[in-house]
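just a sequence and a predicted model for now, questions to come.
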Amino acid sequence: MFESAELGHKIDKATYREEVPKLRAALLETQAQLRDNDSFPVIILISGVDGSGKGETINVLYEWMDPRYLSTHAYSAPTAEEKARPSMWRYWRALPPKGRVAIFSGSWYSHPIAERITNDMSRSDFDQRMDQLNRFEEMLVNEGALILKFWIHLSKDAQRERLQSIEANPLTKWRVTKASWDRLKTYDKLQEVAGHLLRTTSTSWAPWIIVEGTDDRYRSLTVGKTILDAVQKRLLEKREASAPLAPPVSPRIDGLDVLSALDMSQTLAKDVYETELAKWQGRLAELTRHPAFTKRALVIAFEGSDAAGKGGAIRRVTSAMDARQYQIIPIAAPTREELAKPYLWRFWRRMPRLGRVAIFDRTWYGRVLVERVEGFCSEADWSRAYAEINDFEHDIWHAGGIVIKFWLQISDEEQLKRFEGRAEVEHKRFKITEEDWRNREKAAQYHEAVCDMMERTSSGTAPWTIVEANDKYFARVKVLRTICERVEKELKVDPMKEVKAAAPKVAKPATQKAAKAVAAKESKAAAATAAKASKAMKGATAEQSSEKAAPAT
């Protein structure tokens, strides 16, 4: 692998002085053409052993090219901010726009190499990571990027001599540290790991260029000319979209699919809805405040038919959370800045850190829905997007994210009813546009696109939940319940216990003593009443007898 970079390549001073002016002029002119063309970015990776001249090579490129249109990104151990997000987040943020050049000193390969050398990463995990990086680079190339990967090599003896030479010069001594000498001790392990890495990640779309770093002039000219030739060649190319990568979906010959099989008649009475809403909102509030949630991030994606009630469902979700904990991200047509970057860039940059929640109103699935149906991208673009989206969501999950995806579905009749209702209500008119009416004419195409999307992207770590949304009460409760149940599962906490209705209070029976007292009192009162009645009766009888005995007058 490294034999050709240990042959003692050298360039004499005279040749170097003759070649450099011509190379510099050509690089500047090509860089200007790249800016004017504005159709692809250039990504340059500078990697290699310590002391091989990686920093000097970057400095030379800044001297030979227009530095205003160059950017350099150096990476060491991840910061606390970077650790709280997926590992590729920091690299996605640094990707250059079309027409620009970005140099990565230390790249997405650096951390896996370091972990493999120290045996913190197994060989199988390392191979899996390399496969993921291959797919990442393939995606960048399919998006139009030109990737140039340089590995600057030194033999073990050459590295030792280079470090001694740098350390002996008072002006450069600061560049050699104890860590530099420590890494020399792991040279053999590095070569083993690097050799395996170069073999598994040198692809047809992003091959590695191995450059001997012993001679500064040879190294600089080789890197400069390679960049010049690659960019010039690419500027002359008329790239056509690559062939679709996704196989066709099997025809649905019986007309049955995940949407047509839905029971759209499901409803909730208002009193039941209010009880269920309070129950699941309370549970969500508990879960997002659970200690285990600080080690996870929650990404909730809402897609659905126009007027299906995504906004209403989102408001019920956010009502259960601290406003400082979540962010609602509405997705519309991409801006000029977003169009200049790979498609997924605008979603990667909005990924939440651990302990936070991101709620997307429309999502990265626009490529396989709106862009597919409306013809805003080629068939090759939306066909390969399924695999790229699956990789994206897996990366989020692998880093601690919980991805919950909803599709809210309503019938054509219900949609028409809501459209007409929005047009009549003053404060809802902004919700209805000409595009919404136009989309109804393409209902069959959207139906097919949604079914394809479900089949290709509903994975074990990021499954789709289809919500029957003709009844808003039913839809909102289903959304909240699904979120809570999924978060419970991911956090490995016990599911919420069903609250039993309280039994009506029943008066406690009187004690025996009290019962006797009551009975005695009642008996005494009854006796007194009877005696009084008897006395009254006797008085009445005596009066009657006197009247009979008295003589008549």
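Cool, got the structure.

may I have the phi/psi pair for S459?
Torsion angles at S459 (phi, psi; degrees, to the nearest 10) stand at phi -100, psi 170.

now for it: which residues touch it?
Going by C-beta atoms under 8 Å, 6 or more residues apart in numbering, S459 touches 390, 393-394. Where C-beta positions appear, they are placed from N, C-alpha and C, glycine not excepted.

adding secondary structure, write the residues you listed out as a markdown table.
Listed next are these as a markdown table, based on DSSP: H, G, I helix; E, B strand; the rest coil:
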| residue | secondary structure |
| --- | --- |
| N390 | helix |
| E393 | helix |
| H394 | helix |
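
ok, of the residues you listed, which one's closest to D188?
H394 (34.0 Å; C-beta to C-beta).

check the burial of the closest one by counting its neighbours.
As a burial measure, H394 scores 18 neighbours (other C-beta atoms under 10 Å).

if you skip the residues just before and after it, what's nearest to it?
Counting by C-beta to C-beta, 6 or more residues apart in numbering, T461 is the residue found nearest to H394 once chain neighbours are left out, at 6.1 Å.

was I right about that neighbour contacting I402?
No - using C-beta atoms under 8 Å, T461 is not in contact with I402, being 9.1 Å away.

settle it for me: which of these two has more neighbours?
More crowded of T461 and I402, by other C-beta under 10 Å: I402, with 21 against 14.

that one - that's part of a strand, no?
Yes - applying three-state DSSP, one finds I402 inside a strand.

tell me which stretches of this protein form strands.
42-48, 70-74, 101-105, 146-153, 208-212, 297-304, 326-330, 357-361, 401-409, 464-468 (DSSP state E).

mind giving me TSV with these and columns for distance to R486?
Listed next are these as TSV, based on distance: least, C-beta to C-beta, whole Å:
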stretch	distance to R486
strand 42-48	36
strand 70-74	36
strand 101-105	36
strand 146-153	37
strand 208-212	41
strand 297-304	9
strand 326-330	16
strand 357-361	13
strand 401-409	5
strand 464-468	9
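
I'd like those as a markdown table, with mean pLDDT appended.
Listed next are these as a markdown table, based on pLDDT from 0 to 100:
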| stretch | mean pLDDT |
| --- | --- |
| strand 42-48 | 96 |
| strand 70-74 | 95 |
| strand 101-105 | 97 |
| strand 146-153 | 96 |
| strand 208-212 | 95 |
| strand 297-304 | 98 |
| strand 326-330 | 97 |
| strand 357-361 | 98 |
| strand 401-409 | 98 |
| strand 464-468 | 98 |
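
right, and those strands - which one's nearest G311?
G311 sits nearest to strand 357-361 of all the strands of the chain, at 7.0 Å, using C-beta to C-beta.

picking up where we left off before, out of the strands of the chain, the one nearest R85 is which?
Ranked by C-beta to C-beta, the member of these that lies closest to R85 is strand 297-304, at 7.8 Å.

returning to that earlier point: which one of the strands of the chain lies closest to I113?
Set against I113 and scored by C-beta to C-beta, these come closest in strand 42-48, at 8.4 Å.

show me what that closest one is packed against.
helix 54-64, strand 101-105, strand 146-153, helix 216-236 (3 or more C-beta pairs under 8 Å, 6 or more residues apart in numbering; DSSP states H and E).

quick one: S319 and W280 touch, right?
No - taking C-beta under 8 Å as the definition, S319 is not a contact partner of W280, at 10.9 Å.

settle it for me: which of those two has more neighbours?
The residue with more neighbours, out of S319 and W280, is W280; 24 against 13, by other C-beta under 10 Å.

need the contact list for that one.
W280 neighbours (C-beta under 8 Å, 6+ apart): 320, 477, 480-481, 484.

tell me the confidence at the nearest residue to W92 once chain neighbours are set aside?
Spatially, and ignoring its direct neighbours in sequence, W92 is nearest to W348 (3.9 Å; C-beta to C-beta, 6+ apart). W348 carries a pLDDT value of 97.

got the contact list for A307?
By C-beta under 8 Å, 6+ apart, the neighbours of A307 are 410, 415, 418-419, 422, 431-432, 436.

neighbours of the residue nearest to R362 when sequence neighbours are not counted, just the number please.
Of all residues not flanking R362 in the chain, I331 sits nearest, at 3.9 Å (C-beta to C-beta, 6+ apart). The burial count assigned to I331 is 18, neighbours taken as other C-beta under 10 Å.

contacting residues around stretch 423-442?
Applying C-beta under 8 Å, 6+ apart, the set of residues contacting stretch 423-442 is 306-307, 373, 412, 415-416, 419, 421-422, 446.
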